[in-house]
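K.L.:
Provide a 3D model corresponding to the input given below.
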Amino acid sequence: MTEKSISLGFIIFLSSTTTMFAQNNLKNDIMSVKTVTIVKSKAPWYAFDYLLPKKFREVNPIYEKVNGLEFKAYSINRNTEGKNFGGIYLWGEEAKAKKRFTPQWFEDVKKKRGVTPTVEYFSVKSEFSSLPITTTYTNFNTKSIAVFIHGLTQNQASNLYAHQTTFFRAYWLLETSEKSGLILFFESKIKAKSFIKSYKINNFDWFKIPVMLNNAKK
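P.N.:
Take a look at the predicted model:
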């Protein structure tokens, strides 16, 4: 398979998908209008990790024009069924995300890629970034890691969320009426693993984040 055909395959999927934010301060008020979506699609065998950052950047111009999309973290994730790629997106409101992820969108992706992607929706309670809202992320650390911690009580989430010198971005999400989730972004695998070990975190998903797009800077 040629590099040209590989590139086309990634662009077809990535131009079909889309979510996320950038803000330089902690918000404590409930922000139910904001939504995070996590998109995953099973990666083909030839989707090697070293190829993906280039392909992600090639479709950035598409996502810069997506209405309501504030931030996108392109992601690589592994589970028991294999490798997935997609993104963690922040939307200004849920309605904007739903206009993107329509039944027709799922049909188109399955037809073009041969697999059905998954899209999870989460309401945002709070968001944090240690970086200025004008940050472009063009040359940001390609070794970044996002950790999605599940099933937290209010107190547990609050305690972990308070350690904002450890991570550079965070989303406090509502998983259920009683449980919260945190997506924390770290500059390196070492920092992410150290945080997980220090706070004895067991229920989490791990994402490589090689590329990020900040639309909120506009």
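K.L.:
skipping adjacent residues, who's closest to residue 161 in space?
P.N.:
With sequence-adjacent residues excluded and distances taken as CB to CB, 6 or more residues apart in numbering, residue 161 is closest to residue 172, at 5.7 Å. The C-beta positions use only the backbone N, C-alpha and C, and glycine is treated the same way.
K.L.:
cool, residue 189 as well?
P.N.:
residue 145 (5.5 Å).
K.L.:
which neighbouring elements make contact with the one helix or strand residue 151 maps to?
P.N.:
Using DSSP states H and E, residue 151 maps to strand 144-152. Contact analysis of strand 144-152 by 3 or more CB pairs under 8 Å, 6 or more residues apart in numbering; DSSP states H and E lists strand 69-79, strand 180-186, helix 189-198, strand 204-214 as its packing neighbours.
K.L.:
list of residues touching the second one?
P.N.:
Contacts of strand 180-186 from elsewhere in the structure, counted by CB atoms under 8 Å, 6 or more residues apart in numbering, are 36, 73, 88, 122, 125, 144-154, 156-157, 160-161, 166-175, 192, 195, 209.
K.L.:
same question for the last one.
P.N.:
Residues from elsewhere that reach strand 204-214 (CB under 8 Å, 6+ apart): 20-22, 49, 52-53, 56-57, 60, 63-64, 70-79, 88, 133, 135-137, 140, 142-150, 185, 192, 196.
K.L.:
try it again with 7 Å
P.N.:
For strand 204-214, the external contacting residues (CB atoms under 7 Å, 6 or more residues apart in numbering) are 22, 52-53, 56-57, 60, 63-64, 71-77, 88, 135-137, 140, 142, 144-150, 185, 196.
K.L.:
run the angle between the helix or strand containing the residue nearest to residue 161 and strand 144-152 for me.
P.N.:
According to DSSP H and E, residue 172 maps onto strand 169-174. Angle of strand 169-174 versus strand 144-152, following axes from the mean of the first three to the mean of the last three CA atoms, to 10 degrees, is 20 degrees.
K.L.:
show the model's pLDDT score for the spatially most central residue of the chain.
P.N.:
With distances taken as CA atoms, centre = their mean, residue 88 lies nearest the centre of the chain, 1.6 Å away. Per-residue confidence (pLDDT) for residue 88: 98.
K.L.:
just the one 3 residues further on next, same as before
P.N.:
With respect to pLDDT, residue 91 scores 97.
K.L.:
from residue 61, how far out is residue 183?
P.N.:
Distance, residue 183 to residue 61, by CB to CB, to the nearest Å: 25 Å.
K.L.:
so those two - more neighbours on which side?
P.N.:
Taking other CB atoms under 10 Å, residue 183 and residue 61 do not tie; residue 183 has more neighbours (26 against 10).
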